[in-house]
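*Asks:* Give me a model of this one.
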Amino acid sequence: IYVLNLGDKSVKKIVDRKGPDFFPIWSPDGNKIAYRTYTLTDKDEYYTHSAGYVAVVSADGGPSRVLTEQFDENPTPLAWSPEGIYFSALQRTYQHLFRLNPVTRAIERVSQPHQSVFSSFSFNHDFKQAAFLDEDAKNYDELYVSDLKSFQPKRLTTMGDQLKGWKIGTREVIEWKSKDGTPIKGVLIKPTDFDPSKK
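*Replies:* Numbers count the residues shown, from 1 in each chain. I've put the predicted structure just below:
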């Protein structure tokens with residue numbers, strides 16, 4: 001990860017770790033940068049980790065500090081507000097919006113209590129509201145807006161209306177256990193003419 005000074009066009013590398021780093025975002029005061037990494041320390045090999053982490057580094061470079069060691073998914077940093085770092089991440093068959101306190105490392109799921117796939121977040125200037133896409137097993141992807149303090153999505157588009165009158169398949173969340181007993185969830189999609197008596 002590099003910082004480009006637009007005044008003199010100088011470029012400085014601020015993150016130089018083993019493995020890929022993604023999605024840099026600035027802190028409100030411009031002194032730090034949060035990003036997603038796959039390594040906990042500079043010595044770790046990124047391919048040994050199945051989940052990514054949110055890390056923070058000074059905008060001048062130096063050692064990084066990992067903030068989400070206890071979060072067992074791939075967080076994607078979206079924006080850094082005065083209230084914390086917003087990121088999105090999958091949880092089982094859904095995707096949600098989270099807020100991370102960079103000091104205490106506490107993580108709060110903002111998109112409570114809904115079970116949906118939330119994506120493409122955009123925040124207003126004071127981080128009181130967000131616009132985003134939302135879909136679930138029975139509803140087409142639509143544009144929504146919601147206050148962030150009290151998450152109550154309000155739909156703005158009706159793209160799903162174009163599917164009215166269509167015969168569409170069904171989707172349902174199913175669960176099974178792997179060989180070691182770990183529960184796994186997935187989405188079973190059935191065609192419109194599904195007949196359980198036929199292959």
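*Asks:* Lys171 and Lys12, how far apart?
*Replies:* Residue 171: Arg, not Lys. 48 Å (CB to CB, to the nearest Å). Bear in mind the C-beta positions are built from the backbone N, C-alpha and C, glycine included.
*Asks:* who touches Pro24 in this structure?
*Replies:* The contact partners of Pro24, by CB atoms under 8 Å, 6 or more residues apart in numbering, come to 1, 33-35, 77.
*Asks:* Is it in a helix, a strand, or coil?
*Replies:* strand (DSSP: H, G, I helix; E, B strand; the rest coil).
*Asks:* Just give the nearest non-adjacent residue to it, would you?
*Replies:* Closest residue to Pro24 apart from its sequence neighbours, by CB to CB, 6 or more residues apart in numbering: Tyr35 at 4.5 Å.
*Asks:* What does the pLDDT read for the most centrally placed residue in the chain?
*Replies:* In the chain, the C-alpha nearest the mean C-alpha coordinate belongs to Ser88, at 1.8 Å (CA atoms, centre = their mean). Model confidence at Ser88, given as pLDDT, is 97.
*Asks:* again, but for Ser178
*Replies:* With respect to pLDDT, Ser178 scores 94.
*Asks:* again with Pro20
*Replies:* 84.
*Asks:* Against Glu73, how distant is Arg109?
*Replies:* 11 Å.
*Asks:* For stretch 118-137, what does the pLDDT average out to?
*Replies:* 95.
*Asks:* residues touching Phe132, list them.
*Replies:* By CB under 8 Å, 6+ apart, Phe132 lies in contact with 97, 118-122, 143-146, 153.
*Asks:* which of those are buried?
*Replies:* Buried by 16 or more other CB atoms under 10 Å: 97, 118, 121, 143-144, 146, 153, out of these.
*Asks:* and Gln162, that's in a helix?
*Replies:* Yes: if the criterion is three-state DSSP, then Gln162 is within a helix.
*Asks:* Just give the number of residues close to it.
*Replies:* Number of residues near Gln162 (other CB atoms under 10 Å) recorded here: 9.
*Asks:* now Phe98
*Replies:* By other CB under 10 Å, neighbour count at Phe98 equals 23.
*Asks:* same deal with the one 4 residues further on?
*Replies:* By the measure other CB under 10 Å, the count of residues near Pro102 is 16.
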